[in-house]
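In: could you work out the structure for the sequence below:
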Amino acid sequence: MSRPHLPSLAGLQCFEAAARHLSFTRAADELSLTQSAVSKQVAQLESMLQHPLFRRIRRRLQLTPEGAVYLNEARKILAHVEMSTRYMQSYGGKSDVLNVATLPTFGARWLIPRLNGFRYRHPDINLNIINRSEPFDMEEERVEVVFFFGHGAWPRTECIKIRDEEMVPVCAPAILDGLAIDEPLDLTRLVLLQSATRPEAWHDWFEAQQQYTEHSYHGPRFDSFYMALRAAQAGCGVALLPHFLAQEELEEGKLVIPWGFRLRSRDAYYMAYPEHMAEVGKVRSFVDWIHDKIQGVQ
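Out: From the prediction side, this is the model:
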């Protein structure tokens, strides 16, 4: 898109503030502008988009359907600009930002507890931890380290194996009252909770025991292991999860394993970082820290 067809940042800010307050006057007060300046910026934006963003009804503003759609996009743009600005403010100074991407539940259950003490050892490195469940371009996303589950290959990176996993069924103790589990297929009498990132999990678990059922793919589907875990804890059904991710609830008795078979996954958890950044200080410090945690040095 050519520059004449791009909105100004000031225009987006005026529109977002006016949409939030539904008032040009309040938006102007917030932005330290005049009411006419805010109105002019919004009018220019409407002219560029060729769509009205507001309706003026009895001296009050109301978002049009087009305005509601554009408001969502404008907020994303402004948030991205703010994030990029803060990133550059810390770049190359006394402190440096290290962007680390991780699987949501793995990050919360395995990674975060192992970061305790990192800040004291490396006070000049500010960690920015983000969730990523799908493959992405590390360079484009400005991510220096990623934790992922797979075969141990990520384009143009060095990969270090973190750990294996074993999948086990877990559920709340209460839903087993009066229900005898004498074979794997007895679990199909409960609701099988599905994980969106592992759609074949139940099928593979049953198949590994020479058991087959049409219910392998039936049941509520959850976007993360943590959501499936919470659903199981709430008594919604039985979830198939990596044992180490449910270990806390199992030890506390909030969850139980109704059938003890553990399925060893073919894939594993890995940490990866770009080959060309292997000796960059902040990356090397973090990789060494995690490596020591894996080896039990710290």
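In: does Ile257 touch Pro169 like I think?
Out: Yes. Using CB atoms under 8 Å, Ile257 is in contact with Pro169, at 6.4 Å. (Glycine included, C-beta is placed from N, CA and C.)
In: show the pLDDT at Ser8.
Out: You'll see Ser8 listed with a pLDDT of 92.
In: nope, Lys94 is what I was after
Out: In the predicted model, Lys94 carries a pLDDT score of 48.
In: one more: the one 5 residues further on?
Out: Per-residue confidence (pLDDT) for Asn99: 94.
In: likewise Val297?
Out: Model confidence at Val297, given as pLDDT, is 50.
In: repeat that for Met1.
Out: At Met1, pLDDT is 47.
In: run through the stretch 1-150 of the chain and note the low-pLDDT ranges.
Out: Low-confidence segments of the stretch 1-150 of the chain, defined by pLDDT under 70: 1-4, 87, 89-95.
In: compare Ile257 and Pro169 (neighbour count), which wins?
Out: In this view Ile257 and Pro169 are compared by other CB atoms under 10 Å, and Pro169 has more residues nearby, 28 against 16.
In: secondary structure element for that one?
Out: Using DSSP states H and E, Pro169 falls within strand 166-170.
In: quick one: mean pLDDT over the next helix or strand after that strand.
Out: The C-terminal neighbour of strand 166-170 among helices and strands, as given by DSSP H and E, is strand 192-195. When pLDDT is averaged along strand 192-195, the result is 97.
In: show me what strand 192-195 is packed against.
Out: For strand 192-195, the helices and strands in contact under the criterion 3 or more CB pairs under 8 Å, 6 or more residues apart in numbering; DSSP states H and E are helix 201-207, strand 221-222, helix 225-233, strand 238-242.
In: out of these, which is the most enclosed?
Out: strand 238-242 (a mean of 27; mean count of other CB atoms under 10 Å).
In: what strands line up against that strand, and which way round?
Out: Neighbouring strands of strand 238-242 in its sheet, by DSSP bridges, are strand 166-170 (antiparallel), strand 192-195 (parallel).
In: looking at those strands, which is nearest to Tyr269?
Out: Distances from Tyr269 to each of the strands paired with strand 238-242 were compared using CB to CB; the minimum, 12.2 Å, belongs to strand 166-170.
In: the strand holding Pro169 to helix 225-233, inter-axis angle?
Out: Angular relation of strand 166-170 and helix 225-233 on a 0 to 180 degree scale: 30 degrees, by axes from the mean of the first three to the mean of the last three CA atoms, to 10 degrees.
In: in strand 166-170, what counts as buried?
Out: The neighbour-count check on strand 166-170 (16 or more other CB atoms under 10 Å) flags 167-170 as buried.
In: export these as CSV, with columns for pLDDT and distance to His215.
Out: Putting the buried residues of strand 166-170 into CSV (pLDDT from 0 to 100; distance: CB to CB, whole Å) gives the following:
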residue, pLDDT, distance to His215
Met167, 98, 17
Val168, 98, 18
Pro169, 98, 13
Val170, 98, 17
